[in-house]
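> Here is my input; please provide its structure:
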Amino acid sequence: LKETFKNRPFIVLMVYKLCQVFGERIFQGMLFYIGMYYVCKGDKNMATAIVGKAGSIGVFVTFLVLPTIKPISKWLGKRAGLIIPSVIALVMMLSQPWLLTPEHPHLLMIPTLMLSALSIISNSMINAIVPDICDLDELEHGERREGLFTSVVAFMGKLEISLSLQLVGLLVAFSGANMKTTIQSAAVNERLLWIAIGFGVFFSICALGAAFFFRMTEATMNDVRVKLETRRAAAKATTAGATAAPADT
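Numbering: from 1, shown residues only. Okay, the predicted model is just below:
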């Protein structure tokens, strides 16, 4: 952690990842309770059926989204691949008061589907940016430390998931929801809804801010790669010359 956090772009990327995971997982965790208690009025079977349908459709949405990530990132750049999902997530969070209503319970599928697609895009962009950070680190320190960065990314991922699950439990308890009954008071339902939206909006804004602070562009990385290739070619030529010298003698 100490070594990787000396790299400023990596710190910004991890802050983005932390906010993105917290925003998505806390909202998604709260969404289960909102769907059951508020949207479906305590009908657990209906809530489970709607979420199950959304999960099944989400698999197909994922396969549709995946092929578009590479051409879009090439067209707009990887930094834009961080900004766009954050903007979409923020707009989605702000629209939830109109989507999560008992009058139209099947609209509960929309945030579930969108979160699935946004998660795929964000994670793909993060995984694509890590090798760029390794290139920059190699240019600065002279050695390839890809295993160091990827292991820290994996560790942070486990930490984020564990913390977000704990936060969901604390927030549900804070809302005053009674787990022994399927019918909650109007005040509890309102608190569940606005706690989920509030945290979702907060972390989406934080992720968007981190994406704007991420300064590595395609032009920057092209320059880094040219310098790396020049250094590698020079090192290779030096090694070849040192090897050939005894033979010439």
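> What's the local residue count around the closest residue to Phe214 other than its chain neighbours?
For Phe214, ignoring the flanking residues on the chain, the nearest one in space by C-beta to C-beta, 6 or more residues apart in numbering is Val12 at 4.9 Å. C-beta: built from backbone N, CA, C; applies to glycine. Other residues within reach of Val12 by the criterion other C-beta atoms under 10 Å amount to 20.
> Would you confirm that Val12 contacts Ala207?
No - because the distance of 10.9 Å does not satisfy C-beta atoms under 8 Å, Val12 is recorded as not touching Ala207.
> Test my guess that Thr112 contacts Gly29.
No - because the distance of 12.0 Å does not satisfy C-beta under 8 Å, Thr112 is recorded as not touching Gly29.
> what about the spatially closest residue to Met156 that is not a sequence neighbour, how many neighbours?
Counting by C-beta to C-beta, 6+ apart, Met14 is the residue found nearest to Met156 once chain neighbours are left out, at 5.7 Å. Counted with other C-beta under 10 Å, the neighbours of Met14 add up to 21.
> Run through the residues that contact Met14.
Residues counted as contacts of Met14 (C-beta atoms under 8 Å, 6 or more residues apart in numbering) are 5, 152-153, 156.
> Please identify which two of these are farthest apart in space.
The distance between the two most remote of the contacts of Met14 (C-beta to C-beta) is 12.3 Å, for Phe5 and Val153.
> Looking at the two, which has the bigger crowd around it?
More neighbours surround Val153 than the other of Phe5 and Val153, with 18 against 11 (other C-beta under 10 Å).
> Low-confidence bits of the chain, can you list those?
Within the chain, the ranges that satisfy pLDDT under 70 run 244-249.
> the helices in it, which residues?
Under the criterion DSSP state H, helices of the chain are mapped to 8-33, 44-76, 78-94, 96-99, 109-141, 146-175, 186-213, 218-248.
> orientation of the fifth one relative to helix 218-248 in degrees?
For the pair helix 109-141 and helix 218-248, the angle between their directions (axes from the mean of the first three to the mean of the last three C-alpha atoms, to 10 degrees) equals 40 degrees.
> so what's Ser175 closest to, chain neighbours aside?
Distances taken as C-beta to C-beta, 6+ apart put Arg191 closest to Ser175, at 4.2 Å, once the chain neighbours are dropped.
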